[in-house]
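J.: here is my input, please return the structure:
(one chain, ligands or ions: 2)
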Amino acid sequence: MKPDFIILAAGKGQRMLGNQPKVLHEVGGIPMAQRLLNTIHEIKNSKTIVVIGDQSQKVKNKLKVSKKTAWVKQKNQLGTAHAVKTALSQTRPGSIVVVLYGDVPLVQSKTLNKLLKLASNKSLAAITFKAENPRGYGRIIRSSRNQVEAIIEEKDASKAQRNIQEVNSGMLALHSSVLKKLLPVIKNKNAAGEYYLTDVVGLARKSGISIKPLLLENPSEALGANTPEELQELERACQRQQALRLVGAGIQVADINRIDVRGSLSAGKGSFIDVNNVFEGSVVLGKEVKVGPNCFIKDSVIEDRVTLKANTVIEDSRVGKGCILGPFTRVRGGTTLESSSELGNFVEANRSKVGRSSKAKHLTYLGDATLGEQVNVGAGTITCNYDGIKKHKTKMADNVFIGSNTSLVAPVSLGEGSYTGAGSVITKSVPKESLAIGRARQSPPIKRKKKK
Ligand code: UD1
Ligand code: CA
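T.: Numbering: from 1, shown residues only. Ligands and ions are numbered 1, 2, ... in the order given. Next up, the predicted model:
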């Protein structure tokens, strides 16, 4: 089968308020139309045609597409049927055409494959769902024998028809030859003065094509967003969908209503995600990772058996197997932590490498630092990496021990097994296996004067 997907993304989205093209509004951190493109990518032999119009260049620049994508421009937005017509020349002969609306982004490839199976040169398939509040959607008109007869847009519906709860998702599939035959017949004599694609259903039925509805049990895949309020609901539905996917893959999620994935998150079996975590960009969690409450993780890889305690923030970094971070640790700037290393409360690591089993457990800044294995960094240690103009590097070889409250004035290196006295300001490199102390000596005791 050759499925041709047409994504309608030309509309102005006036009801959304603001100036952004509607299909670029993000849901779960990804533009709505991009979600559809990603989903179509999972379907075999698919071709995609994106209909753009309003701020077309902006839409084109923002969306990442595969080679099998064609763009067509709809100059004037005369309605959804008119939009599909502009894409017709790009469809392949004998294909099944699936129309998707750029503002209905949560459909899954499994559902689209089901839809495709229902369509042929003798049948048209359409996804419908029952909406608690059907406002704004086209209503599905069924005959007394429960056959789908037509779709009536809300503006054109009678009072009785408006009470119908089964609505049109907008997603439909039909043979390209049927589409080519019926599109020219659609008129714009309706309340909106638009060419409605939904009219194709009634017309198909009249010409002997059977209508096969795919009534979704879970309507979240078919929700659309015309207004900022609907966008909010779509966001929640998207988050719930992603959380349930994690749960289905063997990940324990403390509360599926309190997790936000703004991009893509994958996690290995046996991992646990506590409440109020935000994952942004591309995040990979290994197996048996524990994420405590209130963490923020962006574009990072967290390997197997890592424990992230509450309020850990990680950006653009890699955390090796078995590391323990937090509470209140911040890791960023391409930092890598080798296995079993530990960073504790109020420790920041930036553009640094931390070797296996090394530790900095309290109140420390590691900037442009390279730590070997089994290094111990005492509380209150600071790498003074910035002289106001340039950044400089600090190197600590294996088994270095840094006394509490040491300032390491970079560039500086500490040889294997060396150590520093607490409160030192280290400005010169330290040879291996030696102690460096750089602090004022305590004066002999001075007798305290008595109050008169
Ligand atoms: C549409 C359906 C309605 C359905 C609902 C589902 C029609 C006539 N109505 O209504 O039955 O229940 O979606 O969410 O199809 N677009 C273009 N060019 C145009 C007009 C629209 O590309 O000339 C695009 C829009 O950018 C949008 C999509 O088509 O992505 C749907 O248009 P919209 O105006 O949002 O239709 P609805 O009123 O939501
Ligand atoms: Ca819409």
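
J.: C-alpha only now, for contacts and for neighbours.
T.: Will do.

J.: what is the spatially most central residue of the chain paired to in the beta sheet?
T.: With distances taken as C-alpha atoms, centre = their mean, residue 263 lies nearest the centre of the chain, 1.3 Å away. Listed by DSSP bridges, the beta-bridge partners for residue 263 are residue 281.

J.: then residue 272?
T.: The residues listed as beta-bridge partners of residue 272 by DSSP bridges are residue 252, residue 290.

J.: surely it touches residue 252?
T.: Yes - the pair residue 272 and residue 252 qualifies as a contact (C-alpha atoms under 8 Å) at a distance of 4.6 Å.

J.: neighbour count for those two, which is higher?
T.: It is residue 272, of residue 272 and residue 252, that has more neighbours when counted by other C-alpha atoms under 10 Å, with 22 against 19.

J.: give me phi/psi at residue 332?
T.: The phi and psi torsions at residue 332 (degrees, to the nearest 10) take the values phi -160, psi -180.

J.: show me what residue of the stretch 351-452 of the chain gets nearest to ligand 1.
T.: residue 351 (42.6 Å; C-alpha to the nearest ligand atom).

J.: from residue 365, how far off is that residue?
T.: Note on residue 351: its distance to residue 365, by C-alpha to C-alpha, to the nearest Å, is 11 Å.

J.: with neighbour numbers in mind, choose between the two.
T.: Regarding residue 351 and residue 365, a neighbour count based on other C-alpha under 10 Å identifies residue 365 as having more, with 22 against 18.

J.: in the sheet, who's paired with the more buried one?
T.: Beta bridges link residue 365 to residue 348, residue 382, judged by DSSP bridges.

J.: stretch 312-325: end-to-end distance?
T.: End-to-end distance of stretch 312-325: 7 Å, with C-alpha to C-alpha as the criterion.

J.: ok, and what's touching it?
T.: 294-309, 326-344 (C-alpha atoms under 8 Å, 6 or more residues apart in numbering).

J.: which of those residues are buried?
T.: Burial by neighbour count, judged by 16 or more other C-alpha atoms under 10 Å, picks out 294-309, 326-332, 334-344 from the contacts of stretch 312-325.

J.: skipping adjacent residues, who's closest to residue 174 in space?
T.: Here the nearest residue to residue 174 in space, its sequence neighbours aside, is residue 124; by C-alpha to C-alpha, 6 or more residues apart in numbering that works out to 4.7 Å.

J.: who's in contact with that neighbour?
T.: Neighbouring residues of residue 124 by C-alpha under 8 Å, 6+ apart: 118, 172-175, 201, 204, 209-212.

J.: could you rerun that using 7 Å?
T.: The contact partners of residue 124, by C-alpha atoms under 7 Å, 6 or more residues apart in numbering, come to 173-174, 209-212.

J.: need the residues of the protein near ligand 1, please.
T.: Contacts of the chain with ligand 1, taken as C-alpha under 6 Å from any ligand atom, map to 8-11, 51, 77-80, 83, 101-104, 137-138, 153, 167-170, 196-198, 224, 226.

J.: what residues sit buried inside stretch 206-226?
T.: For stretch 206-226, using 16+ other C-alpha under 10 Å, the buried residues are 209-215, 219-226.

J.: also stretch 88-100?
T.: For stretch 88-100, by 16+ other C-alpha under 10 Å, it's 88, 90-91, 94-100.

J.: just to revisit the earlier point, am I right that the residue nearest to residue 174 is in a helix?
T.: No - if the criterion is DSSP: H, G, I helix; E, B strand; the rest coil, then residue 124 is strand and not within a helix.

J.: tell me what it is bridged to.
T.: Taking DSSP bridges, one finds residue 211 as the beta-bridge partners of residue 124.

J.: list the contacts for whatever residue of the stretch 201-350 of the chain ends up closest to ligand 1?
T.: The minimum distance from the stretch 201-350 of the chain to ligand 1, using C-alpha to the nearest ligand atom, falls at residue 224 (4.5 Å). The contact partners of residue 224, by C-alpha under 7 Å, 6+ apart, come to 103-104.

J.: sec struct for it, please.
T.: At residue 224, secondary structure determined by three-state DSSP is coil.

J.: would you mind measuring from it to residue 358?
T.: For residue 224, the distance to residue 358 equals 50 Å [C-alpha to C-alpha].

J.: for the one helix or strand residue 49 maps to, packing partners?
T.: Per DSSP states H and E, residue 49 falls inside strand 47-52. Judged by 3 or more C-alpha pairs under 7 Å, 6 or more residues apart in numbering; DSSP states H and E, strand 47-52 is in contact with strand 3-9, strand 69-73, helix 80-87.

J.: out of those, nearest to residue 371?
T.: Between residue 371 and those, the tightest spacing by C-alpha to C-alpha is seen for strand 69-73, at 47.6 Å.

J.: shouldn't residue 288 be in contact with residue 271?
T.: Yes - the pair formed by residue 288 and residue 271 meets the contact definition of C-alpha atoms under 7 Å, at 4.0 Å.

J.: neighbour count for the two, which is higher?
T.: Set side by side, residue 288 and residue 271 show unequal neighbour counts under other C-alpha under 10 Å, the larger going to residue 271 at 23 against 20.

J.: and residue 431, what is it in contact with?
T.: Applying C-alpha under 7 Å, 6+ apart to residue 431 gives the contacts 414-415, 418.

J.: gap between it and residue 402?
T.: For residue 431, the distance to residue 402 under the criterion C-alpha to C-alpha works out to 14 Å.

J.: over to residue 366?
T.: Counting by C-alpha to C-alpha, the separation of residue 366 from residue 402 is 12 Å.

J.: do the same with residue 326
T.: The gap separating residue 326 from residue 402 is 20 Å, by C-alpha to C-alpha.

J.: for residue 305, same thing?
T.: The value you get for residue 305 to residue 402, if C-alpha to C-alpha is used, is 27 Å.

J.: tell me the mean pLDDT over stretch 179-196?
T.: For stretch 179-196, mean pLDDT rounds to 97.

J.: go through the buried ones among the contacts of stretch 312-325 and flag which are in strands.
T.: 296-298, 301-302, 307-308, 329-332, 336-337, 342-344 (DSSP state E).

J.: burial of residue 154, as a residue count?
T.: Burial measure for residue 154: 17 neighbouring residues, criterion other C-alpha under 10 Å.

J.: spit out the contact partners of it.
T.: With contacts taken as C-alpha under 7 Å, 6+ apart, residue 154 has the following neighbours: 136-139, 162.

J.: and the buried ones among those residues, selectable in PyMOL?
T.: Provided next is the PyMOL selection string for whichever of the contacts of residue 154 are buried by 16+ other C-alpha under 10 Å:
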select buried, resi 137+138+139+162
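
J.: make TSV from the contacts of residue 154 and add distance to residue 68, secondary structure and pLDDT to it.
T.: What follows is those, written out as TSV (distance: C-alpha to C-alpha, whole Å; DSSP: H, G, I helix; E, B strand; the rest coil; pLDDT from 0 to 100):
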residue	distance to residue 68	secondary structure	pLDDT
136	33	coil	94
137	31	coil	97
138	31	coil	98
139	34	strand	98
162	40	helix	97
